[in-house]
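Asks: Build the 3D model from these lines:
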Amino acid sequence: MGSIDATRAELALLVLYLNKAEARDKICRAIQYGSKFISNGEPGTAQNVDKSTSLARKVFRLFKFVNDLHALLTPLPKSTPLPLVLLGKSKNALLSTFLALDQIVWAGRTGIYKNKERVDLISRISLYCWLSSSVCTTLIEISELGRLTVSIRKLEKALNQATYNEGNLNEQYISKLKQSNNRLLNLVKSSMDVVVAIGLLQLAPKKVTPRVTGAFGFVSSLISCYQLLPPPSKAKAQ
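Replies: Okay, the predicted model is just below:
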């Protein structure tokens, strides 16, 4: 019975994970960029998988721009420095614009919208918005990592000098370390997304080839898939 219970718990975790539209989108993204890496821009089965998966992902993102629009209108904590506030709001505005324009691109790719030249132009504009939002995210993560590093050093100093209430300080220290690790992972992912956007826009075709774009996009997708994993406790509660 123990093995059955363990299997049931693992399946519950998998069900909880796959029930997320965001998780399915990132799995499809991994397939898309994995196919791009294999095809290297050459016609064939892998390229067909890349294109069809890219189109399918646009359906997952229908009306997703509302999320970042809401974040754009939501005030940040007063302790947040002004440069970070501006970067955060810029990221939200750019990402919301990218997702909104992507709906038009989807309509063009499916034949609902007939003006191909305009669809291609909107597609490039949307990718530039995504590139810019990824740059903003990268700068935000670098800044936040710097702030966390300062906080962690202060806590380390306090722990070395503490004579009481060490448990609370330890909890704060562990929490800050977890935040730092998450920020570092976000920084790696956003930096890779910048390269992917450059590849899709063909801004450096000799250096950022379809294979490089596919490799970076695939790794970035795997990071996103990992970050969306639910805690085991949630699966057990199902």
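Asks: Where is the longest helix in this protein?
Replies: helix 116-161 (DSSP state H).
Asks: avg pLDDT for it?
Replies: Averaged across helix 116-161, pLDDT comes to 92.
Asks: Any idea how far that helix is from the middle of the chain?
Replies: In terms of CA atoms, centre = their mean, to the nearest Å, the centre of helix 116-161 is found 11 Å from the chain centre.
Asks: list the contacts for the nearest residue to S39 once chain neighbours are set aside?
Replies: Excluding the flanking residues, the one nearest S39 by CB to CB, 6 or more residues apart in numbering is A46, at 3.6 Å. Using the backbone N, CA and C atoms, a C-beta is placed for each residue, glycine as well. Applying CB atoms under 8 Å, 6 or more residues apart in numbering to A46 gives the contacts S35, K36, I38, S39.
Asks: go on, A204?
Replies: A204 neighbours (CB under 8 Å, 6+ apart): I198.
Asks: Secondary structure class of it, three-state.
Replies: Assigned state for A204: coil (three-state reduction, DSSP: H, G, I helix; E, B strand; the rest coil).
Asks: Contacts for stretch 179-197 next, please.
Replies: 33, 127, 130-131, 134-135, 137-138, 141-142, 144-145, 148-149, 152, 208, 212-213, 216-217, 219-220, 223-224, 227.
Asks: got the contact list for the residue nearest to the spatial centre of the chain?
Replies: Centre of the chain computed as the mean C-alpha position; nearest residue by CA atoms, centre = their mean is S224, 5.5 Å away. By CB under 8 Å, 6+ apart, the contact set of S224 is K26, R29, K189.
Asks: The closest residue to the first one other than its chain neighbours: helix or strand, and which one exactly?
Replies: So the one you mean is K26. Leaving aside its chain neighbours, K26 sits nearest to S224 (4.3 Å; criterion: CB to CB, 6+ apart). Using DSSP states H and E, S224 falls within helix 210-227.
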